[in-house]
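Asks: Pasting a predicted model and its sequence here:
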Amino acid sequence: MRIAGLFTQYFDLPDQDASLLAYFALSTHFVDFLPSAPGLLISGPDVYSAIGLLRLLGSVCRRPLMLAEITAGGFRSLPMHLHPTLLINQSGLTPRMAALLHSSRHRGLNVPGSSGNVLDLYGARAIFMGMDAGDSLGCGDLIRISQTPAQPHSPVLGGVCLDQIARELQPQLLMYRLANWRKVQESEFDVLKFTFPMRELARNLGACIVDDPELAQRLSLLLDAQDEDVRTQRCTDIRYVIVEVILVLLHKRELSAVRVEKIADLTNVLLRSRGEIIEYSAVEVGWNLRHLGLCRHRDGMGKSLSLNSDTSRRVHEWARSWGVLSRQNALDECPDCAAPT
């Protein structure tokens, strides 16, 4: 609460955003014990205020490293074996840089280096990208904060003040890490109602809150709006809608197989009902079925999808991980609906 209070005091952030920043800062002290590193995306029109916010984060994060306008080559040269928390001011990202930043937030996922070497670039990072929505970063698994311009009454956050904050809190955070790293590593905290990857983000943040279940569970309330945004965006994603369509067909139990053209028709109808103007062909739907791991077979009239037990199991796995499967559309007689999460 002391850390969250700093962001409220100096930047007039809402309590929800200030609390999320505090959860992020705390998680950086355990990033080497988490399966993936929580990420933070800051947007807003005021670069000076955002840089001040990054500096304040640096006072409470573990091993902060302020950077600007990094390239893929420059990123590969950083001392990432120290697991620094990267605090980045970046006006834009190339697809290559965005992919590198995203993939390197997963522990144990190395990238090729020079002369046959591999690089471990794993670590936490907070990025300010101005008014860029940051879609290239895959915002579904990032904490998102909108930074408004500094208000005239906001206190000035100078270097001396930042040093005082770091001197006060960094030793406490180090002791907290030393005392609780094993509990963080063995944490079973989870928020089952969230869609993946919001569930993964919540798990990693909540694991770092030790011996305070109420404070850990507060994450559910803080991240609810972001999870709802993820669900809304997915409602017009073709693979998400295909899974919805096939789930209904499986639960009706009227067919043993369905033609790909029929899946395409039903998918386009559902997409149009949600305001989507793009229409997908049977060929495009077929390729997406393949990407979902749903095998088609050819008969005398074209390609069809068998609605067998293997298809049901795979579709229910996708439906569960994406939040398509809920109490409302689950079927009591369906064994795959009752499968454990």
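Replies: Received it, and whenever you're ready, just let me know what you need.
Asks: tell me the pLDDT at the residue sitting furthest away from the middle of the chain?
Replies: In the chain, the residue that sits farthest from the middle, by C-alpha atoms, centre = their mean, is Gly300; the gap is 44.0 Å. For Gly300, the model assigns a pLDDT of 72.
Asks: any idea how far it is from Arg259?
Replies: 11 Å (C-beta to C-beta, to the nearest Å). In this view, the C-beta of every residue, glycine as well, is placed from N, C-alpha and C.
Asks: Same check on Gln164?
Replies: Gln164 is 69 Å from Arg259, where distance means C-beta to C-beta.
Asks: More neighbours: the two, which one.
Replies: Arg259 (17 against 12; other C-beta atoms under 10 Å).
Asks: Could you give the bridge partners of the more buried one?
Replies: Going by DSSP bridges, Arg259 is paired in beta bridges with Ser304.
Asks: Wait, it touches Arg298, no?
Replies: No. Applying C-beta atoms under 8 Å as the test, Arg259 and Arg298 come out as separate, 10.9 Å apart.
Asks: Residues in contact with both of the two, list them for me.
Replies: Both Arg259 and Arg298 are in contact with Ser304, where contact means C-beta atoms under 8 Å, 6 or more residues apart in numbering.
Asks: check contacts around Glu244.
Replies: Taking C-beta under 8 Å, 6+ apart, one finds 270, 319, 324 in contact with Glu244.
Asks: for the record, mean pLDDT for stretch 218-237?
Replies: When pLDDT is averaged along stretch 218-237, the result is 86.
Asks: Name the surrounding residues that touch it.
Replies: Here stretch 218-237 has contacts from 16, 19-20, 23, 140, 143-144, 191, 193-195, 198, 201-202, 205-206, 209, 240-241, 271, 274-276, 322-323, using C-beta under 8 Å, 6+ apart.
Asks: residues of that stretch that come out buried?
Replies: For stretch 218-237, burial by neighbour count (16 or more other C-beta atoms under 10 Å) applies to 218-219, 222-223, 226-227, 230-231, 234-235.
Asks: Ok, stretch 170-187 next?
Replies: 173, 176-177, 180-181, 184, 187.
Asks: Of those residues, which belong to strands?
Replies: Using DSSP state E, no member of the buried residues of stretch 170-187 falls in strands.
Asks: Redo those as CSV? Include distance to Ser27 and pLDDT.
Replies: Formatted as CSV, the buried residues of stretch 170-187 follow (distance: C-beta to C-beta, whole Å; pLDDT from 0 to 100):
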residue, distance to Ser27, pLDDT
Leu173, 11, 97
Tyr176, 12, 97
Arg177, 11, 97
Asn180, 12, 97
Trp181, 12, 96
Val184, 9, 96
Ser187, 11, 94
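Asks: so can I have JSON lines of those residues showing distance to Ala264?
Replies: Shown next, in JSON lines, are the buried residues of stretch 170-187 (distance: C-beta to C-beta, whole Å):
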{"residue": "Leu173", "distance to Ala264": "54"}
{"residue": "Tyr176", "distance to Ala264": "54"}
{"residue": "Arg177", "distance to Ala264": "53"}
{"residue": "Asn180", "distance to Ala264": "52"}
{"residue": "Trp181", "distance to Ala264": "51"}
{"residue": "Val184", "distance to Ala264": "47"}
{"residue": "Ser187", "distance to Ala264": "44"}
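Asks: Filter the residues you listed down to the ones in helices?
Replies: Mapping these onto helices (DSSP state H) picks out 173, 176-177, 180-181, 184.
Asks: out of these, which one sits closest to Arg253?
Replies: Val184 (45.5 Å; C-beta to C-beta).
Asks: contacting residues around that closest one?
Replies: 30, 33-34, 207-208, 210.
Asks: if we go to 6 Å?
Replies: Neighbouring residues of Val184 by C-beta atoms under 6 Å, 6 or more residues apart in numbering: 30, 33, 207-208.
Asks: now do Leu173
Replies: Leu173 makes contact with His29, according to C-beta under 6 Å, 6+ apart.
Asks: Could I get the buried residue list for stretch 266-284?
Replies: Those buried within stretch 266-284 under the rule 16+ other C-beta under 10 Å are 266-268, 270-271, 276, 280, 282.
Asks: What residues of the one helix or strand Tyr240 maps to count as buried?
Replies: Under the criterion of DSSP states H and E, Tyr240 resides in helix 238-252. Going by neighbour count (16+ other C-beta under 10 Å), the buried part of helix 238-252 is 238-247, 249-251.
Asks: ranges for the helices of the stretch 1-150 of the chain?
Replies: In the stretch 1-150 of the chain, the helices defined using DSSP state H, counting those that start in this stretch lie at 2-11, 15-27, 47-60, 72-76, 95-103.
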